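Enquirer: Let me see the structure of the following:
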Amino acid sequence: MRRKIKVKDCTDEKIVEIYKEEAGLSCKIPRWIDVEDVQVNTSECTAAIAVDMSTSRGHVRVFDKRGEQVDMVGQSHRGHTVILWVGDGYEYDCFGPCRIATLERE
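Expert: Below you'll find the model as predicted:
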């Protein structure tokens, strides 16, 4: 399952609630990091990532296990938090300053 949801004025609790409603599964409270120009591989525990575009000037590209780009979060999402469902072995590349959280399965 791959899905993307754009939310305005989002809290950590709201992210968890949205994930639970959409996926029918529980996840832990998001762990946020501020990064710039980095490449990150998801772990087997990663259910989704959240990208805070409320003030970010960067963008994030998501790649599957084969290295093919499957999604992107950029300036068209500015002012929102975007939740992206990702799979084990997915990778996301951040270009410019980005605030990203991982959502781990419980």
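
Enquirer: Identify the residues contacting Cys94.
Expert: By Cβ atoms under 8 Å, 6 or more residues apart in numbering, Cys94 lies in contact with Val35, Glu36, Asp37, Val38, Gln39, Val40, Gly58, His59, Val60, Ile100. All C-beta atoms are positioned from the backbone trio N, CA, C, and that covers glycine.

Enquirer: Swap in 10 Å and give it another go.
Expert: When contacts are counted by Cβ atoms under 10 Å, 6 or more residues apart in numbering, Cys94 touches 33-40, 51, 56, 58-61, 73, 100.

Enquirer: partners of it in the sheet?
Expert: Val38, Val60 (DSSP bridges).

Enquirer: And the pLDDT at it?
Expert: pLDDT for Cys94: 95.

Enquirer: any idea how far it lies from Thr11?
Expert: 22 Å (Cβ to Cβ, to the nearest Å).

Enquirer: Tyr90 now?
Expert: Going from Tyr90 to Thr11 by Cβ to Cβ gives 25 Å.

Enquirer: Who has more neighbours out of those two?
Expert: More crowded of Tyr90 and Thr11, by other Cβ atoms under 10 Å: Tyr90, with 21 against 11.

Enquirer: Count the neighbours of the spatially closest residue to the more buried one that is not a sequence neighbour for me.
Expert: Leaving aside its sequence neighbours, Tyr90 sits nearest to Thr42 (Cβ to Cβ, 6 or more residues apart in numbering; 4.6 Å). Using other Cβ under 10 Å, Thr42 has 20 neighbouring residues.
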